[in-house]
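Sequence and predicted model, in that order:
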Amino acid sequence: MSSLLAEKKILFGITGSIAIYKTVDWIRSLVKEEAQVKVVMTEAATRFVTGLTFAALSGNRVYESMFDPLDQELIPHINLAREADLILIAPATAQTIARLAHGLAEDLLSAIVLASRAKIMICPTMNSQMYNHPATKQNLATLKKYGYTVIEPESGLMACGEEGPGRLPEWPMVHKKILESFTPQDLRDKSILITAGPTHEPIDPVRFLGNRSSGKMGYALAATASRRGADVTLVSGPVNLAPLPGVKTIQVKTAREMHHEVLNCFNDADIVIKAAAVADFRPEIEADQKIKKSDSATSLNLIPNPDILFELGQLRKTRKKPLVLVGFAAESDNHLEEGRRKLKEKNLDLLAINDIMAADSGFDVDTNRITLLSRNGGEEELPLLSKEETAMRIWDQVVKL
Ligand code: C5P
């Protein structure tokens, strides 16, 4: 399965900040995703780490000077500027930011930026006083005006001992911005509500009824929608997945909690995708105390949970704002027939059916094989894909709707 960054030419500019040590891992991640990474270091950066580290990780020579007597390459700043798809400068010091804002070209990195038509992404990293200084603020505003993406630094304890904004952001956030820069923003300004994961229906303080949903499909939908520019709210049941940067996540446990949160967000949403495996039933009584082995109870009385998706399908009938409503169905037999019935019964625009009997699709695996049924009779059988690619194909259909 191909990576979005495969063959992308990323020029990684590194400037003189102690946060350099974090970027060592970033370069490794980019190379793992098959990006072609070339590193340019400012003179100050070479005082912290030698180019050898980055050369070994990127598999390419590291550029440190515009005037390298041993350099066989002609006008390196022009060649590097021309070939790059993306220039990422991280960490970016106040000095480099000032140089870029003023169009200076006295070192290799700033000359490359001036000569390039590539997308440019900057991670300002410095002491909080320096970051908050009006000169830096002004310089960053200028860079934004040039169309550069400025990734806001994080706040917290800094290497200099002070606390405040100026820390290099964590990789998941920067990684997301990089992917975003290579993705069409066709969901921009759309408000999207997604549910993911299982629900846990308590039996007593230590036991619950659950299911095998890992939440991977819903999280892939949330990550890719956010990457395509949407404003995403994720209502997530209990899962073991890392939080998604830039996605507002509301954690719930039970179907009733999910029901409550989904109804709360429903009016604002333009698109709702219900990828959660909501428990259809819950124990009628939740015992206050742990049920003892010796207790004679051997049966559990179950009562139905609200069908959230069904309810949304009813609510849309009186809603003024347009809505795209998408459901998932996990089926073990008669997929298409069952799917058509559900699409109609729940008043949906699109239904993704997965065959839970296939080993490579459905619960707790990284791949999925789904069939998409649409309200207008459309039927698209997707091949075996990663959950992320499956999510992208679902968004393609939603965008058409
Ligand atoms: O009818 P079935 O449970 O197969 O439908 C699955 C779809 O309905 C999924 O999109 C799921 O998130 C949603 N659902 C729901 N509330 C329930 C049960 C299912 O929203 N109680």
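Arrived safely. Numbers count the residues shown, from 1 in each chain.

hmm, stretch 282-300 touching the ligand?
No. Figure legend: stretch 282-300 not in contact with the ligand (Cβ under 6 Å from any ligand atom); closest approach 9.8 Å. Placement of C-beta: from N, CA and C, glycine included.

How about that stretch, which residues are buried there?
282-283, 287 (16 or more other Cβ atoms under 10 Å).

For residue 386, give me phi and psi.
phi -70, psi 160 (degrees, to the nearest 10).

Name the SS class of residue 156, please.
In three-state terms, and counting by DSSP: H, G, I helix; E, B strand; the rest coil, residue 156 is strand.

returning to what we had before: going by distance to the ligand, which of the buried residues of stretch 282-300 wins?
Using Cβ to the nearest ligand atom, the shortest approach to the ligand within the buried residues of stretch 282-300 belongs to residue 282, at 9.8 Å.

Could I get the buried residues of stretch 282-300 in a markdown table, plus columns for pLDDT and secondary structure?
Putting the buried residues of stretch 282-300 into a markdown table (pLDDT from 0 to 100; DSSP: H, G, I helix; E, B strand; the rest coil) gives the following:
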| residue | pLDDT | secondary structure |
| --- | --- | --- |
| 282 | 97 | strand |
| 283 | 97 | strand |
| 287 | 92 | coil |
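
Tell me, how many residues neighbour residue 376?
Number of residues near residue 376 (other Cβ atoms under 10 Å) recorded here: 8.

what's the distance between it and residue 275?
Noted for residue 376: a distance of 22 Å to residue 275, by Cβ to Cβ, to the nearest Å.

got it, and residue 229?
As judged by Cβ to Cβ, residue 229 and residue 275 stand 20 Å apart.

Quick check on the two: which one has the bigger neighbour count.
The residue with more neighbours, out of residue 229 and residue 275, is residue 275; 25 against 16, by other Cβ under 10 Å.

For the stretch 251-400 of the chain, which residues are neighbours of the ligand?
So far as Cβ under 6 Å from any ligand atom goes, the stretch 251-400 of the chain lies against the ligand at 255, 274, 276, 278, 280, 305, 307-309, 327-329, 342.

In ChimeraX, how would I select the buried members of those?
Burial among these is assessed by 16+ other Cβ under 10 Å; the matching ChimeraX selection reads:
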select :255,274,276,278,305,307,308,309,327,328,329,342
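
In helices, which of the residues of the stretch 251-400 of the chain next to the ligand fall?
Among these, DSSP state H puts 255, 308-309, 342 in helices.

now the helices: where do they sit in the stretch 51-200 of the chain?
51-58, 76-83, 94-101, 108-115, 128-132, 134-145, 171-181 (DSSP state H, counting those that start in this stretch).

again with the stretch 251-400 of the chain
255-266, 308-315, 335-345, 387-400.

Residue 105: which of the ones you listed is closest?
Among these, the nearest to residue 105 by Cβ to Cβ is helix 387-400 (39.3 Å).

What is the closest one packed up against?
helix 216-227, strand 271-274, strand 324-331, strand 350-355, strand 367-368, strand 370-374 (3 or more Cβ pairs under 8 Å, 6 or more residues apart in numbering; DSSP states H and E).

lowest-confidence stretch among those?
Among the helices and strands packed on helix 387-400, strand 367-368 carries the lowest mean pLDDT, a mean of 86.

That strand: how far from the chain's middle?
Mean C-alpha position of strand 367-368 versus that of the full chain (Cα atoms, centre = their mean, to the nearest Å) differs by 18 Å.

Stretch 390-400 too?
16 Å.

Check stretch 341-352 too.
27 Å.

Next, the buried residues of that stretch.
Buried residues in stretch 341-352 (16+ other Cβ under 10 Å): 342-343, 346-352.

Now do that stretch: distance from first to last residue.
13 Å (Cα to Cα, to the nearest Å).

what's that stretch in contact with?
Applying Cβ atoms under 8 Å, 6 or more residues apart in numbering, the external contacts of stretch 341-352 come out as 275, 307, 309-310, 313-314, 316-317, 324-329, 339, 370-375, 394, 397-398, 401.

From these, keep the buried residues only.
Buried among the contacts of stretch 341-352 (16+ other Cβ under 10 Å): 275, 307, 309, 313, 316, 324-329, 339, 370-374, 394, 397-398.

Can you get me a residue count around residue 86?
Counted with other Cβ under 10 Å, the neighbours of residue 86 add up to 21.

contacting residues for it?
8-11, 118-121, 178, 181-182.

please redo it, this time with the cut-off set to 7 Å
Contact partners of residue 86, counting by Cβ atoms under 7 Å, 6 or more residues apart in numbering, are 8, 10, 118-119, 121, 178, 181.

Residue 127 too?
Contacts for residue 127 (Cβ under 7 Å, 6+ apart) come out as 158, 160, 162, 166.

can I assume the last one is in contact with residue 132?
Think residue 166. No. Under the criterion of Cβ atoms under 7 Å, residue 166 is not in contact with residue 132, lying 8.5 Å apart.

Settle it for me: which of those two has more neighbours?
Using other Cβ under 10 Å, the more surrounded residue of residue 166 and residue 132 is residue 166, with 27 against 13.

And the more buried one, how close does it get to the ligand?
Separation of residue 166 from the ligand (Cβ to the nearest ligand atom, to the nearest Å) stands at 42 Å.

The closest residue to residue 165 other than its chain neighbours: how many residues sit nearby?
If the residues on either side of it in the chain are set aside, residue 165 comes closest to residue 155, at 4.6 Å by Cβ to Cβ, 6 or more residues apart in numbering. When counting by other Cβ under 10 Å, one arrives at 13 neighbours for residue 155.

I'm done for today, thanks for sticking with me.
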